[in-house]
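In: A predicted structure for the sequence below; I have some questions about it.
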Amino acid sequence: MILCGPVYECISVAADRVDDLSPLLAGSVQKFKLPGMAAAIVQGNRMTAFGVAGIRCRGSAEHITADDLFHIGSDTKSMTATLAAMLIEDGKLQWTSTPADILPKDGVSKIDPAWTRVTLEELLTHHAGVRANPDLVGLLFIRAFSGSPQNERRDVCRAMLRKPPDKEPGKAFLYSNAGFIIAGTMAETAAGKPWEELMRERLFGPLGMASAGYGPPGMPTAQPGRSNGAKTPKTETVSQPCGHDGNGIPHPPSWAADNPACFGPAGTVHVSLRDWAKYASFHLGGERGEVWTVPGTSKPLLSVDSVRRLHTPFGDSITPGGPRYAKGWGVRKDVKTGETTLMHFGSNGFWMAGIALYPARNVAILVATNQGGEQAQQACNQLLRTLAERKPQR
């Protein structure tokens, strides 16, 4: 069986040669009392191990399947940074572009002079001095009148950019979803298309990530609607996994089961692990000097230099003596072995997902669960460590 998009090399998944991780995942689901989990190991352009375990939603009988979708939260951030790198290669942006350079073209005119010193690179590495999230009260008002995620993001930018950043730009690490909203708005302004459309056109499509989308998997409509607060879904049949809060209570897909849609560039992507593996393989290949091409052309999807810049830490460490942050990746170098790992976790409170790249080994590991909270974080951390130390079963 071949799992691939129209890229220069497909991710091959020979069904009789893939290690089954399902028993290991079943043990983790039981130990940490989670509804379900999925995981994959990628070696270069091949998936060498894969597994799923558990159920889609508590209160229903459907088990998680190999093609089910998982919300990956802030693991979206490296995807937004990858899109920005593509637009930079197109000449539509620069790493040194500022909101004041780009956003007036989209009607964001009242910008505090301090934003002339905030660069796109700083926004994508959490060094722009921007608060963690937009003002939630103001965001409720914006959502009521904006009408689309793109308009929401523009209005969020209007509200935030009237005042200077919360901290001195270019100094300390300050994790910021709001910074990625601004960066995503810069990307869609420069390209003349919504972020969601750009992601499909420039990243998901070329990599063959047909399952990738936005918001809670299985969202029935785009119309806002509140959850009825029930502890189980309204119907017995569940088409996709649903998220669960830290107490294990299911939250069927609705606008209330995710961050606002304007958070897209910071973390609203959902995807199957099989398709997410293609993204991991693309980044592994670029780090090792492999060039992936745009389907039907000889044009690189992204140059090796740009991929490596995405992986290069910027500014101070996240914590004193701890890992540093690249563009959507935490970067840690093992003091004993010298091995560099690129890693990120994402959660909207109802899901947890983690990705780790080990370039020297040409290996990537993906883990996900349809529950948020501390137990889910512990489960994903432990599983990722176990898989990183695991020897192939053949």
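Out: Looks like it came in fine.

In: Pull up the gap between residue 285 and residue 310, please.
Out: 13 Å (CB to CB, to the nearest Å). Where you see a C-beta, it was placed from the backbone N, CA and C, and this is true even at glycine.

In: And for residue 360, the neighbour number?
Out: Residues lying near residue 360 (other CB atoms under 10 Å) number 13.

In: so what's residue 255 scoring on pLDDT?
Out: Model confidence at residue 255, given as pLDDT, is 84.

In: again, but for residue 220
Out: pLDDT, residue 220: 62.

In: got the contact list for the residue nearest the centre of the chain?
Out: Of all residues in the chain, the one closest to the mean position by CA atoms, centre = their mean is residue 76, 1.7 Å from it. By CB atoms under 8 Å, 6 or more residues apart in numbering, the contact list for residue 76 reads 264-269, 346.

In: can you pick the most crowded of these?
Out: Ranked by neighbour count under the definition other CB under 10 Å, the contacts of residue 76 are headed by residue 265 with 33 neighbours.

In: That one contacts residue 184, correct?
Out: Yes. The pair residue 265 / residue 184 is scored as a contact, 2.7 Å apart, by CB atoms under 8 Å.

In: what is in contact with the two at once?
Out: With CB under 8 Å, 6+ apart, residue 265 and residue 184 have common neighbours 80, 153, 195.

In: who are the neighbours of the helix or strand hosting residue 26, in terms of helices and strands?
Out: Counting by DSSP states H and E, the element that carries residue 26 is helix 22-32. Helices and strands touching helix 22-32, by 3 or more CB pairs under 8 Å, 6 or more residues apart in numbering; DSSP states H and E, are strand 36-43, strand 46-54, helix 374-389.

In: For the shortest one, which strands pair with it and how are they oriented?
Out: Going back to what we said before, that points to strand 36-43. Here strand 36-43 is paired, per DSSP bridges, with strand 46-54 (antiparallel), strand 363-369 (antiparallel).

In: Next, the angle helix 374-389 makes with the last one.
Out: Note on geometry: by axes from the mean of the first three to the mean of the last three CA atoms, to 10 degrees, strand 363-369 and helix 374-389 are set 160 degrees apart in direction.

In: Run through who's touching strand 363-369.
Out: Contact with strand 363-369 is made by 34-43, 70, 72, 273, 276-277, 280-281, 283-284, 351-358, 376, 379-380, 383-384, 387-388, as judged by CB under 8 Å, 6+ apart.

In: mind redoing it with 6 Å?
Out: The contact list for strand 363-369 (CB atoms under 6 Å, 6 or more residues apart in numbering) reads 34, 37-43, 70, 273, 276, 280, 284, 352-357, 376, 380, 383-384, 387.

In: now the angle from that strand to helix 22-32?
Out: Between strand 363-369 and helix 22-32, the angle comes out at 50 degrees (the same axes, to 10 degrees).

In: Indicate which one of the strands paired with strand 36-43 is closest to residue 173.
Out: Ranking the strands paired with strand 36-43 by their distance to residue 173 (criterion: CB to CB) puts strand 363-369 first, at 24.4 Å.

In: Pull the contacting residues for the residue lying closest to residue 244 once chain neighbours are set aside.
Out: Nearest residue to residue 244, sequence neighbours excluded (CB to CB, 6 or more residues apart in numbering): residue 371, at 4.0 Å. Applying CB under 6 Å, 6+ apart to residue 371 gives the contacts 34-35, 244.
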